[in-house]
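Enquirer: After the sequence you'll find the predicted model.
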Amino acid sequence: MMRKVLSLFVLLGVGMASANAAPSYLTRDANGGYRVTYDYTDKAKSGWYIGARADLNFLNWENKYSVDDGLNAPDEFSRDKYSFEPVIGGSIFGGKTFAYFWRAELEAGYMGYFEDKDARSEFSLQIPYLMLNGYYDFINGFYVGAGVGAAMPITTIDTIYSNGDSRKEYGFSPMAAVMLGYSYELDDNLVLDVRYRLSGMTGVDQNIDIYVGDEKHWFQNDIDFILDNSISLGIRYEF
């Protein structure tokens, strides 16, 4: 008798353990029995992803001006220093996750448009770029990364004496960056991405022709190293 009671308790314990395993749902059939239905979802991903970011960039650089000996330029005209100038930019990107925690990404972006003008001249700077980034994802959602690539600064200088043929310059600058960010999964495929990036690129030079009457002179703008602090909010779709 005692053996039968113990066997009954063992069976009840197994039944309760099975119930605690919580199948998707448990229903009764027409004969009064139980029917268990499991809902399996294949969450395996390929590792590939695409996305886009909106950036707030803070640019830092210095313009150094020089002219030929035939022009007399005041001392205050020799340079302009720009610190943490805010511009709005953005980027699109695509990449792949591999070895669980690593990501490789190709990013094409635009740092935005900056303009400065006074009574004598107008200067503008815009920076499209292309970068190859590598990231390491921590299990808590944070990540770190670094990137290398190239920027294509476009500078424009307009003065009342300048020749329109030389007013715009297209440059090429090696670029590097370090990143710190956080990823938050909105669902199985969508991920919210918040990123801080510190990037830098070499400067560019621009020469324009200036005419005073019939005399032709030259004017040069040397742009020093450009440093950017950017904060971005992005979304990526994981396949």
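Expert: Yes, it's here.

Enquirer: For the rest of this, base every contact and every neighbour count on C-alpha atoms.
Expert: OK.

Enquirer: Show me where the chain has its helices.
Expert: 2-20 (DSSP state H).

Enquirer: Where does the prediction get shaky in it?
Expert: 1-29, 32-43, 72-77, 119, 161-166 (pLDDT under 70).

Enquirer: Which stretches in it count as strands?
Expert: For the chain, the strands defined by DSSP state E cover 25-28, 34-37, 48-67, 79-98, 102-117, 121-137, 142-151, 154-159, 168-170, 173-185, 190-201, 205-212, 215-223, 226-238.

Enquirer: ok, now which ones touch the closest residue to F138 other than its chain neighbours?
Expert: Spatial nearest neighbour of F138, excluding adjacent residues (C-alpha to C-alpha, 6 or more residues apart in numbering): F101 at 6.9 Å. F101 is in contact with Y136, D137, F138, counting by C-alpha atoms under 8 Å, 6 or more residues apart in numbering.

Enquirer: Give me the buried subset of those residues.
Expert: Y136, D137 (16 or more other C-alpha atoms under 10 Å).

Enquirer: Need the contacts of F101 in CSV (columns: distance to S46).
Expert: Formatted as CSV, the contacts of F101 follow (distance: C-alpha to C-alpha, whole Å):
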residue, distance to S46
Y136, 18
D137, 17
F138, 19
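
Enquirer: gap between the residue nearest to D137 when sequence neighbours are not counted and Y129?
Expert: Setting aside the residues directly before and after it, D137 is nearest to Y143 in space (C-alpha to C-alpha, 6+ apart), at 4.4 Å. In this view, Y143 and Y129 are 22 Å apart by C-alpha to C-alpha, to the nearest Å.

Enquirer: try E169
Expert: 16 Å.

Enquirer: Could you do F239 as well?
Expert: From F239 to Y129 the distance is 26 Å (C-alpha to C-alpha).
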